[in-house]
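Undergrad: sequence first, predicted model second:
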Number of protein chains: 2
Amino acid sequence: MDSYILMDKADFDKQLSEETKWIEESIKEFLPKGTTYQKTINDAMEYSLMAGGKRLRPMIIWETYKMFGGQDKKQVLPFMAAIEMIHTYSLVHDDLPAMDNDEYRRGRKTTHIVYGEDMGILAGDALLNYAYEIAVLSLADGINIQNKAKAVQILSNKAGIFGMLGGQVADVENTGKPLSEEKLEFIYSLKTGALIEAAFMAGAVLADADNNSVKALEEAGHNIGMAFQIQDDILDITSTSEELGKPVHSDEKNDKLTYVTIYGMDKAVKAVKEYSETALDILNNLPVKNIYLNTLVEKLIGRRK
Amino acid sequence: MDSYILMDKADFDKQLSEETKWIEESIKEFLPKGTTYQKTINDAMEYSLMAGGKRLRPMIIWETYKMFGGQDKKQVLPFMAAIEMIHTYSLVHDDLPAMDNDEYRRGRKTTHIVYGEDMGILAGDALLNYAYEIAVLSLADGINIQNKAKAVQILSNKAGIFGMLGGQVADVENTGKPLSEEKLEFIYSLKTGALIEAAFMAGAVLADADNNSVKALEEAGHNIGMAFQIQDDILDITSTSEELGKPVHSDEKNDKLTYVTIYGMDKAVKAVKEYSETALDILNNLPVKNIYLNTLVEKLIGRRK
């Protein structure tokens, strides 16, 4: 691995905390306003979107946007809100009784438990649709329209059947079945990786980055997604329920084969390290640098929740 | 009501049949290709999308596009496919056990009955996401990009919380409850009307129609949507199951108050006529004419399924 510079822990933690707070507040502003007879779904959208979380995907968009010289918050915020809404919709639908049937997430009751199963389905639909509504509305000012159109293309492609949703389908369909390494990589790469790839690419595209850099960022996102998902499997076994804010051993409960159950803990820990280092090497070889982003990636490896 | 010209029945039926066939074939081409481990969802999307139906929304896009001078099929077909996918996603999710719990639609088993409830949810998600993927990808050629962006804005707005989905939420939430005329109009106008409005508007916008005409078409779409939905209520009572291809009296089964059960059959028939005539008057007052479209609207009133 090449050497690369990371931020001082205290400085990083301060920026992470401030940025997360700013992103939370900014995203909240994008929720629909002025609903009447459909207000319940507005509440359910807000409940789902404001349930905490790392805000990793919008943060990556923001950081790659800045990294390639982007300076206009107004131009990038709709995409940050959109990607978090897409991520949230996927969680809301994943938690449904017909899917993972989860009652808790991030220490709170899941959306369908609070609002009912019908509103759980509709809240997910509403978040997905509204994500595109926001992103596409941002094209109306005519500024940077080609790059913004490209960013929505990336978002929709990485969220859909050839991205996150495709991975989810294969995951659901293969639960409890033997998994080849190829199929496991397919699932992890799409279900978790694709939207992280989208975040890395969209931020860069909005800042008019060159195609080679966008391709490199896609590859970095893939590696980070793999590391992130395998780390999730590890935490499902090693964490306590309090740390995670949701029941542990949920994979076991759902009869799910994971990287850890298939290859063992040692190989899983090693894989997280390798994927992360590959991602950092790619970031390090870009024409521009973002030390905060490097540190964020590095920190994701050692996370406890 | 103003006088307006309609097509000869035989000519109309011929064009309707040919155009429906062409739209079916064209839309099918837009389904995803090259899926691997997520193939099941591709099948479920195709099963849902190719289940027949009037193809009313893409047909309206095509007819309003031509009406305002549009000539390039390539520019408008992605939007025709997208709106039909959005319409189909809404039907697939409406049929789910947690919603209307319908086992049959258009004479065939519903998507979740064939593919399971989890795949039913995911097939709806996949169709919604893919609709935007197709529509937004059409911006990549740079041709007519401002109008295409506007068409996606209309589509996403009319499909979402301030459109179709908002109406669905209010409908679900008010099932079995007393309904004011205002609330009933809200539900019908959004649940059924909004996507028909989007079809009228999007076709015109893609052909660079003036704003006044687009506004008038929105109003025409609203009236047609109202007439269409009330006619649906009437058919639920007067049709046979064979004619409809789904169980009749389903509103009764689901404890749903409809325009007919609230105001009676006579007022319902009268309302369909009034809404339809208003729509035809609006179409008749546009700077351009489309006799086929007028006849299509007129025919929708007397439909038996």
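TA: Done, it's in.
Undergrad: where is the longest helix in chain A?
TA: helix A:211-238 (DSSP state H).
Undergrad: so does that helix get close to chain B?
TA: No: Helix A:211-238 lies out of reach of chain B by C-beta under 8 Å from any C-beta of the partner chain, never closer than 13.7 Å. No exception for glycine: its C-beta is placed from N, CA and C like everyone else's.
Undergrad: and that helix, how far out from the chain's middle?
TA: Relative to its chain's centre, helix A:211-238 lies at 10 Å (C-alpha atoms, centre = their mean, to the nearest Å).
Undergrad: packing partners for it?
TA: helix A:181-188, helix A:194-206, helix A:241-244, helix A:250-253, helix A:259-263, helix A:265-284, helix A:291-301 (3 or more C-beta pairs under 8 Å, 6 or more residues apart in numbering or on different chains; DSSP states H and E).
Undergrad: recalculate using a threshold of 7 Å.
TA: In terms of contacts (3 or more C-beta pairs under 7 Å, 6 or more residues apart in numbering or on different chains; DSSP states H and E), helix A:211-238 is packed against helix A:181-188, helix A:194-206, helix A:250-253, helix A:259-263, helix A:265-284, helix A:291-301.
Undergrad: burial-wise, tell me which of the ones you listed comes out on top.
TA: Burial of the helices and strands packed on helix A:211-238 is given as mean neighbour count (mean count of other C-beta atoms under 10 Å in any protein chain shown); helix A:194-206 ranks first at a mean of 29.
Undergrad: hang on, the earlier thing: tell me the mean pLDDT over the longest helix of chain A?
TA: For helix A:211-238, the mean pLDDT works out to 94.
Undergrad: and it with helix A:194-206, angle?
TA: 150 degrees (axes from the mean of the first three to the mean of the last three C-alpha atoms, to 10 degrees).
Undergrad: buried residues of helix A:211-238, list them for me.
TA: A:213-214, A:216-218, A:220-236 (16 or more other C-beta atoms under 10 Å in any protein chain shown).
Undergrad: picking up where we left off before, now tabulate the helices and strands packed on helix A:211-238 in TSV and tack on distance to A:Glu19 and mean pLDDT.
TA: As requested, the helices and strands packed on helix A:211-238 are exported to TSV (distance: least, C-beta to C-beta, whole Å; pLDDT from 0 to 100):
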stretch	distance to A:Glu19	mean pLDDT
helix A:181-188	27	94
helix A:194-206	13	98
helix A:250-253	29	61
helix A:259-263	30	90
helix A:265-284	18	94
helix A:291-301	8	90
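Undergrad: out of the ones you listed, flag the one nearest B:Ile27.
TA: helix A:194-206 (25.6 Å; C-beta to C-beta).
Undergrad: packing partners of the closest one?
TA: For helix A:194-206, the packing partners by 3+ C-beta pairs under 7 Å, 6+ apart come out as helix A:56-67, helix A:73-94, helix A:145-159, helix A:164-174, helix A:211-238.
Undergrad: out of the ones you listed, which is closest to A:Phe186?
TA: With respect to A:Phe186, and counting by C-beta to C-beta, the nearest of the helices and strands packed on helix A:194-206 is helix A:164-174 at 6.0 Å.
Undergrad: which ones are touching the closest residue to A:Ala135 other than its chain neighbours?
TA: The spatially closest residue to A:Ala135, leaving aside those adjacent along the chain, is A:Ala82, at 4.2 Å (C-beta to C-beta, 6 or more residues apart in numbering or on different chains). Going by C-beta atoms under 7 Å, 6 or more residues apart in numbering or on different chains, A:Ala82 touches A:131, A:134-135, A:155.
Undergrad: thought A:His85 was touching A:Tyr130?
TA: No, residue A:85 isn't His; it's Met. Yes: using C-beta atoms under 7 Å, A:Met85 is in contact with A:Tyr130, at 5.9 Å.
Undergrad: can you classify the residue located most distally from the centre of chain A as helix, strand or coil?
TA: Distance to the chain centre peaks in chain A at A:Tyr37, reaching 31.5 Å (criterion: C-alpha atoms, centre = their mean). Of the three states, A:Tyr37 takes coil under DSSP: H, G, I helix; E, B strand; the rest coil.
Undergrad: which residue is nearest the centroid of chain A?
TA: Geometric middle of chain A (C-alpha atoms, centre = their mean) lands on A:Arg57, at 4.6 Å.
Undergrad: contacts only, for that one.
TA: A:Arg57 touches A:83-84, A:87, A:195-196, A:199, counting by C-beta under 7 Å, 6+ apart.
Undergrad: how about A:Ile145?
TA: A:Ile145 sits in contact with A:139, B:145, B:149, where contact means C-beta under 7 Å, 6+ apart.
Undergrad: need these in TSV with distance to B:Ser276, can you?
TA: Listed next are the contacts of A:Ile145 as TSV, based on distance: C-beta to C-beta, whole Å:
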residue	distance to B:Ser276
A:Leu139	35
B:Ile145	36
B:Ala149	32
